[in-house]
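S.K.: need a 3D model of the following:
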Amino acid sequence: MMTQTNLEKARFNMVAQQIRPWEVTDDRTLDLLMRVPREEFVPSEFRHLAMADTNIPIGEGQVMMTPGVEARMLQALQVRPEETVLEVGTGSGYVTALLAAQARHVFSVEIRPSLLAAARERLADNEVLNVTLEEGDAAREWPRHAPYDVIVLTGSVPLLPEAHKATLRVGGRLFAIVGEGPVMEATLITRTGKRDWRVEGLFETRLPPLDGAPQPDHFTF
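M.R.: Predicted structure coming up:
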């Protein structure tokens, strides 16, 4: 069993050895990762791996992003205190907590009831209050609370869902990991006008697919 001292040392090492060397220099992001206790959002049997550079299983074939991907995502999005966020895929609730620490409010949608229930409990235990958790399939769209300032897809998608782009405010940002294995690209989409978006490739990574994501047409012969 890890002591609190060991956890704090592991957290410091996570930031110093995994995150900073991977081009994460934003002080606000680094401070957030030091403050939000990642170990509180992983299954108890993996608590000793909470700060490890690995995709921790959270049940039903789902995993957490690695700390480095989470950090690069937060640095790219630059969530502000007045902003509203849509998170597609609540997962463990950790990314939800990170986003909520920066935003005015987070709407988080999870298709798997067991994951949603576990995340709800973890968020409540850590007094994360500015979050609305909803059960449903938001992979293609979730216009219920639109427009959004920020949208985060926490699973990979082979194609970027166009409907999500349309629910961004002008100036809003969408983070998604786009593509099919073995190579996927973390992508930041910024809405620059009523009909204009800027697309920026951030880095290559891999992540299990988001349930219900739109699929490309594959020709068969």
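
S.K.: is it true that R169 touches R191?
M.R.: Yes - contact criterion Cβ atoms under 8 Å: R169 and R191 qualify, at 6.8 Å. All C-beta atoms are positioned from the backbone trio N, CA, C, and that covers glycine.

S.K.: which of the two has more neighbours?
M.R.: Neighbour count, other Cβ atoms under 10 Å: between R169 and R191, R191 has more, with 21 against 14.

S.K.: how far off centre is the helix or strand encompassing that one?
M.R.: According to DSSP states H and E, R191 maps onto strand 184-193. Counting by Cα atoms, centre = their mean, to the nearest Å, strand 184-193 is centred 14 Å from the centre of its parent chain.

S.K.: which outside residues touch it?
M.R.: The contact list for strand 184-193 (Cβ atoms under 8 Å, 6 or more residues apart in numbering) reads 69, 72-73, 76-77, 156, 160, 165, 168-179, 197-207.

S.K.: now which of those residues would you call buried?
M.R.: 69, 72-73, 76-77, 156, 160, 165, 168, 172-179, 197, 202-203, 205, 207 (16 or more other Cβ atoms under 10 Å).

S.K.: let's see which of these end up in helices.
M.R.: Among the buried ones among the contacts of strand 184-193, the residues falling in helices (DSSP state H) are V69, R72, M73, A76, L77, K165.

S.K.: measure the closest residue to the fourth one other than its chain neighbours to S114 for me?
M.R.: What that stands for is A76. Counting by Cβ to Cβ, 6 or more residues apart in numbering, L188 is the residue found nearest to A76 once chain neighbours are left out, at 4.8 Å. Distance, L188 to S114, using Cβ to Cβ, to the nearest Å: 31 Å.

S.K.: repeat for T190
M.R.: Counting by Cβ to Cβ, the separation of T190 from S114 is 34 Å.

S.K.: more neighbours, those two?
M.R.: A count of neighbours by other Cβ under 10 Å puts T190 above the other of T190 and S114, at 17 against 11.

S.K.: buried set for stretch 115-134?
M.R.: In stretch 115-134, counting by 16+ other Cβ under 10 Å, buried: L115, L116, A118, A119, R120, R122, L123, N126, V128, V131, L133.

S.K.: which among those residues gets closest to R35?
M.R.: Among those, N126 lies closest to R35 (Cβ to Cβ), at 11.0 Å.

S.K.: if I pick that closest one, what's in contact with it?
M.R.: Under the criterion of Cβ under 8 Å, 6+ apart, the neighbours of N126 are P37, E40, F41, A97.

S.K.: per-residue confidence for the last one?
M.R.: pLDDT, the model's per-residue confidence, is 98 for A97.

S.K.: gap between the closest residue to M14 other than its chain neighbours and L7?
M.R.: Excluding the flanking residues, the one nearest M14 by Cβ to Cβ, 6+ apart is M51, at 3.9 Å. M51 sits 8 Å away from L7, going by Cβ to Cβ.

S.K.: and these two? which has more neighbours close in?
M.R.: The neighbour comparison of M51 against L7 (other Cβ under 10 Å) goes to M51, with 23 against 18.

S.K.: for that one, what are its contacts?
M.R.: M51 sits next to L7, A10, R11, N13, M14, R38, E39, P67 when contact means Cβ under 8 Å, 6+ apart.
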